[in-house]
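A.B. asks: Sequence unavailable; structure follows:
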């Protein structure tokens, strides 16, 4: 039987890039105040226009004087905007830079005993300054990616990702394009900078003391010298769009904590509290969720005129009323009143 002919990519499909990745060795130990651009330019004199230089955040931090004395656990509080999840001795936190990383990205490897390396204060700024210094040094238009190692939710192992970017689009927005089968893409946006950081990690390694690599073949993605692009901050998902903003245990604690705070607040302020769980769910979704939660009981859950939800509990049980409030809070709703067996809910207007 004749094999079917594969679909043609069409005349508008861009050609695939052929990439090469090579390590940059010979840097030696970088210390505070070192001219990192000069060191890198000397270590890779064959840089060409359109290359992407990937440098680990650790070597950037060392040059910027971000090596501090102390234990990683003791330093964590200063690098934490809020805790995302904690289990045993492991804490995953959102850093002041907006990154979600285990131990706040604090690194105690490849540094003197008793010291730790903090992330650069502004990795995008570090990338821009390094790119500008390299251009001033050798006249080449190269992009710069500052990389850091991170785990991934739902998967074992780690890989490198971009925490700072200059001269390269961090995302390729393909929404609205058509694939070879004629399907229109809706939300496809490859994380180009993360892919480049991961590719560079294949030749840098973790134990070879090689903190940089050059990725060639992406010249058509490299921006003009005077354009740095939005930076890696564009890869950070805003909290209101984050469906996994807390770990399972921490989400429960956050919800209960808000209920306690709401109970202590004056009634006029109760509905002004930001849940932190995203925009309020529609009333019918709230009602459906509460019906499922209360299925073992003969509770009545109804959507009211005016976008309210009323729960009639079968018994006057404060614990059951508290469960309704916690569940409602997680959906972006708060209690307008909770009297006996009746809980009346409204969406929280202060939620983004």
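C.D. replies: Arrived safely, thanks for sending. Being a predicted model, the structure only gives us computed values, none of them experimental. Numbering: from 1, shown residues only.
A.B. asks: how about low-confidence regions in the chain?
C.D. replies: Scanning the chain for pLDDT under 70 picks out 1-17, 175, 185-187, 206-207, 259, 262-278, 336-340, 349-352.
A.B. asks: do you know how far the residue nearest the centre of it is from residue 174?
C.D. replies: The chain has residue 236 as the residue nearest its centroid, 4.3 Å off, counting by C-alpha atoms, centre = their mean. When distance is defined by C-beta to C-beta, to the nearest Å, residue 236 is 20 Å away from residue 174. In short, each C-beta sits where N, CA and C put it, glycine included.
A.B. asks: cool, residue 281 as well?
C.D. replies: Remark: distance between residue 281 and residue 174 (C-beta to C-beta) = 29 Å.
A.B. asks: cool, and residue 91?
C.D. replies: For residue 91 relative to residue 174 (C-beta to C-beta), the value is 36 Å.
A.B. asks: who has more neighbours, the two?
C.D. replies: residue 91 (19 against 14; other C-beta atoms under 10 Å).
A.B. asks: Contacts for the strand or helix carrying residue 125 next, please.
C.D. replies: Per DSSP states H and E: residue 125 is located in helix 123-138. With C-beta atoms under 8 Å, 6 or more residues apart in numbering as the test, helix 123-138 has contacts from 35-38, 40-41, 45, 47, 53, 55, 57, 60, 64, 97, 120, 140-146, 163-167, 225, 228, 231-233.
A.B. asks: how about the strands in the protein?
C.D. replies: Listed in chain order, the strands of the chain (DSSP state E) span 20-24, 52-56, 67-69, 82-87, 90-94, 100-102, 115-117, 143-152, 155-166, 212-216, 300-304, 308-312, 333-339, 342-347.
A.B. asks: want to throw these into TSV with distance to residue 136?
C.D. replies: Output for the strands of the chain, formatted as TSV (distance: least, C-beta to C-beta, whole Å):
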stretch	distance to residue 136
strand 20-24	19
strand 52-56	14
strand 67-69	26
strand 82-87	39
strand 90-94	35
strand 100-102	32
strand 115-117	27
strand 143-152	13
strand 155-166	14
strand 212-216	18
strand 300-304	64
strand 308-312	62
strand 333-339	56
strand 342-347	54
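A.B. asks: For the residue nearest to residue 57 when sequence neighbours are not counted, give the beta-bridge partners.
C.D. replies: Ranked by C-beta to C-beta, 6 or more residues apart in numbering and with sequence neighbours excluded, the top spatial neighbour of residue 57 is residue 148, at 4.3 Å. Note on residue 148: beta-bridge partners residue 161, judged by DSSP bridges.
A.B. asks: Residue 148 against residue 59, yeah?
C.D. replies: No - with contacts counted by C-beta atoms under 8 Å, residue 148 stays clear of residue 59, the gap being 11.1 Å.
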